[in-house]
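Student: I'd like to go over a predicted model; first the sequence, then the structure.
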Amino acid sequence: MAIKSYVMVCGGTGCESSKADEIYRNLHKEAELQGVSEDVQIVKTGCFGFCEQGPIVKVLPSDHFYVQVVPEDAKEIIAEDILKGRAVSRLLYKEGNLTEVKRTDGEDIKFYQKQLRIVLRNCGLINPENVNEYIARDGYQALEKALFDMSGDDIIEELKKSGLRGRGGAGFPTWMKWNFSKQVETDVKYVACNADEGDPGAYMDRSVLEGDPHSVIEAMTIAGKCVGANLGIIYIRAEYPLAINRLETAMEQARDLGLLGKDILGSGYDFDIELRLGAGAFVCGEETALLQSVEGNRGMPTPKPPFPAVEGLWAKPTVINNVETYANIPVIINKGGDWFAQFGTEKSKGTKVFALTGKVQNSGLVEVPMGSTLRDIVFDIGGGIRNGKKFKAVQTGGPSGGVITEEYLDLPLDFDSLLSIGSMMGSGGMIVMDEDDCIVDVARFYMDFCVEESCGKCSPCRIGTRKLLDYLEKITKGQGTMEDLEHMERIGTHMHKAALCMLGGSAANPILSTLKAFREEYIEHIQEGKCRAGKCKALVHYEIVADKCIGCTVCARKCPVNCITGEKKKPHIIDQDACIKCGQCYEGCKFNAIVIK
Amino acid sequence: MAKMTLEELRKLRAGEKQALSNREIEGKEVQVIIGMGTCGIAAGAKETMDGFVNTINANGLKNVTIRQTGCMGLCYAEPTVEVKMAGMADTIYGNVDAEVAKKIVEHHIMNKRLVNKHIFDKPAADITQ
Ligand SMILES: Cc1cc2nc3c(=O)[nH]c(=O)nc-3n(C[C@H](O)[C@H](O)[C@H](O)COP(=O)(O)O)c2cc1C
């Protein structure tokens, strides 16, 4: 019997946590029960990126795209789709708002239409635990070329043509880094992969490692061959157990097949990879701190130069690249640098994966050509803002980035354009905010993160972040002064110049960029004691509108401190002195009788 | 599995490619749509499908997708198959068993020749709508 259909179940962390594993097992069970286990292959694959609607199940080749599947649906999927070839229409993805029911097949979904998948090319298509499937998708073909047909210089030339820049944050041209390492004449060199992914809100690296681990293994081996290294190290955070597990499986399979280890494919070249688990400190994502941590020292940055490419691990040349950067490499070697360079903008080639989260309809991983606009990403792919609210801004680059406002919705996004408007690409986290988000509170959130994560080695960062947080807290409590704004700007600018690494160097970015784009909101907090979004607790109070209150007593029962009183069927009253502003009464009131002032 | 040489890797890739390419939809110019309603299955559409899959794999064709569909209303002629490809009118074949499936692949898809004996008309427009 030949296999006729494929059921692809998402095995990313997001979907796994909503029972994808049980769905997978039920599908197997049902296929067995309904006598089609020979006809259908059920595959657990990497993240589809459409996490908002997970768990996702896709049936091929009919291309039916099922969303929010529960384990109990397995029976119907097998009975209808596999046995009869009919879609289970109630599970098909419905686009647009929920009243207008337009059903779609996988290829038609807007979420995917504007995307171009290079990095995520195999995610959702292959079984990451089966090396043969990776090989079938031209896997290890780039390695063949690198081992047998290309010299190190040829590889660097191809990378140069491609224009690939590092996806870990700074956007440094990859070919230059490799070239620095290659030029050093010494006995031992290393290749490292930065899989620390510390930016809150970003998870593309995790998805690549979970969905397509061989792409990173292949790329690191190519890097090793190019620069003359025989050992690779993947520094991955311990909080990513599934990715670690998939990597270990993949490395073992590659070793068994002779794609990793001694004398790869009979070429005489040796290369192996080891994993190092990180403890989840943000600063350990910074390359010099990462290398310290690998060496067994406390993860703190060291001054640059010397750059790791010249003097890295144990003072030997070390090429360190980000996961997403590596995932691009096999494609570039296979299809050529010119092919890759046709996508993107003049100075930023290829694609970028963004992790779209926050107040957007379809959160998930999106891969778009460099130069796509925020409007493409948030409105076309992301489906716009949730609950019909108004777009306010997008934070890119996490705690090192800044906000992008409405006026830049149509700006083509790339490394340089983001810098020019005071934000940065960072690792590609994109947090969408709406009118209910307070900009001062957002800045305070990121600064709180930086204070926690500052390693303390240099004083500009250790003291600077603390001072900035103090000012922000003052402002959110309504005790700020106009001078505080200037102090913050001054401190932030100095930190940028004086801090040892870019954790401190860019920590003030969220403040500086919001001060520029939303200064009036800071001023409102200071001069009027008002928080328009109602987020800063000290500045708001809740009131009951007597005309609207019917005395249903719901609020009084919800109140955890019993500060709401009133007779049944008569308007109630909040005791402002006792109120802790938790907002439960506000959320519980069915008559809109409670207002934030 | 033992360590591979370059040749072995290439051979493995070529073999796996065919298996995996059945999953893809992009770049496929030929569509074979098999009626797999209750009537189709009862009339042996599963064997028909096997016939298509096997012949397509045996000939190493990469541009063909096989899809299933429900009943198209020609129950008397089941199993029915619709073939859509560039350069040929959309064609409906009836009474397609594994043997005929093989013929359709070799004649219609590979050589652009109709398999005359099994051609059926599309049912009336109001049924297909
Ligand atoms: C505070 C801080 C945190 C960082 N975290 C990460 C990270 O989690 N992952 C990453 O790939 N790069 C991170 N970087 C960037 C790395 O220092 C380095 O630029 C990157 O690994 C280089 O790889 P690339 O050229 O492929 O981008 C961080 C940088 C700083 C300053």
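Tutor: Happy to help now that I have it.

Student: and stretch A:135-148, end to end?
Tutor: For stretch A:135-148, the first-to-last residue distance is 17 Å (CA to CA, to the nearest Å).

Student: where does the most centrally placed residue in chain B land in three-state SS?
Tutor: The residue lying closest to the centre of chain B (CA atoms, centre = their mean) is B:V32, at 3.9 Å. With DSSP: H, G, I helix; E, B strand; the rest coil as the basis, B:V32 sits in strand.

Student: tell me who's in contact with the closest residue to it other than its chain neighbours.
Tutor: Excluding the flanking residues, the one nearest B:V32 by CB to CB, 6 or more residues apart in numbering or on different chains is B:I66, at 4.9 Å. Every residue, glycine included, has its C-beta placed from N, CA and C. B:I66 sits next to A:4, A:61, B:22, B:32-34, B:49, B:52-53, B:56 when contact means CB atoms under 8 Å, 6 or more residues apart in numbering or on different chains.

Student: next, count neighbours for the closest residue to A:I511 other than its chain neighbours.
Tutor: Spatial nearest neighbour of A:I511, excluding adjacent residues (CB to CB, 6+ apart): A:A443 at 4.9 Å. For A:A443, the neighbour count with other CB atoms under 10 Å in any protein chain shown is 31.

Student: name the residues of the one helix or strand A:A443 maps to that come out as buried.
Tutor: Following DSSP states H and E, one finds A:A443 within helix A:439-453. For helix A:439-453, burial by neighbour count (16 or more other CB atoms under 10 Å in any protein chain shown) applies to A:439-447, A:449-451, A:453.

Student: averaged pLDDT, it. What do you get?
Tutor: In this model, helix A:439-453 has an average pLDDT of 96.

Student: stretch A:280-291 now?
Tutor: 95.

Student: in that stretch, what counts as buried?
Tutor: Quick answer for stretch A:280-291 (16+ other CB under 10 Å): A:281-291.

Student: against A:Y140, how distant is the closest residue to chain B within the stretch 201-350 of chain A?
Tutor: For the stretch 201-350 of chain A, the nearest residue to chain B under the criterion CB to the nearest CB is A:G258, separated by 3.0 Å. Separation of A:G258 from A:Y140 (CB to CB, to the nearest Å) stands at 10 Å.

Student: find residues that contact each of the two.
Tutor: With CB under 8 Å, 6+ apart, A:G258 and A:Y140 have no common neighbours.

Student: those two: which has the busier surroundings?
Tutor: A:Y140 (30 against 21).

Student: pLDDT value on the nearest residue to A:G312 once chain neighbours are set aside, please?
Tutor: Nearest residue to A:G312 in three dimensions, chain neighbours excluded: A:T318, at 2.6 Å (CB to CB, 6+ apart). For A:T318, the pLDDT comes out at 98.

Student: likewise A:K537?
Tutor: Looking at A:K537, the pLDDT reads 88.

Student: isn't the residue of the stretch 201-350 of chain A closest to chain B right next to A:D270, touching?
Tutor: No: the criterion here is CB atoms under 8 Å, and A:G258 misses it with A:D270 at 11.2 Å.

Student: near chain A, which residues of chain B?
Tutor: Residues of chain B lying close to chain A by CB under 8 Å from any CB of the partner chain are B:1-6, B:9-10, B:12-13, B:16-17, B:19-25, B:34, B:36-38, B:41, B:46, B:49-50, B:53-54, B:57, B:65-70.

Student: repeat that for 7 Å
Tutor: Applying CB under 7 Å from any CB of the partner chain, one finds that chain B approaches chain A through B:1, B:3-6, B:9, B:12-13, B:16-17, B:19-20, B:22-23, B:25, B:36-37, B:49-50, B:53-54, B:65-70.

Student: might you specify the subset of the residues you listed located within helices?
Tutor: When DSSP state H is applied, the residues of chain B next to chain A are split such that B:6, B:9, B:12-13, B:16-17, B:19-20, B:49-50, B:53-54 fall in helices.

Student: please identify which of those is nearest to A:D81.
Tutor: Set against A:D81, the nearest of those by CB to CB is B:M49 (14.1 Å).
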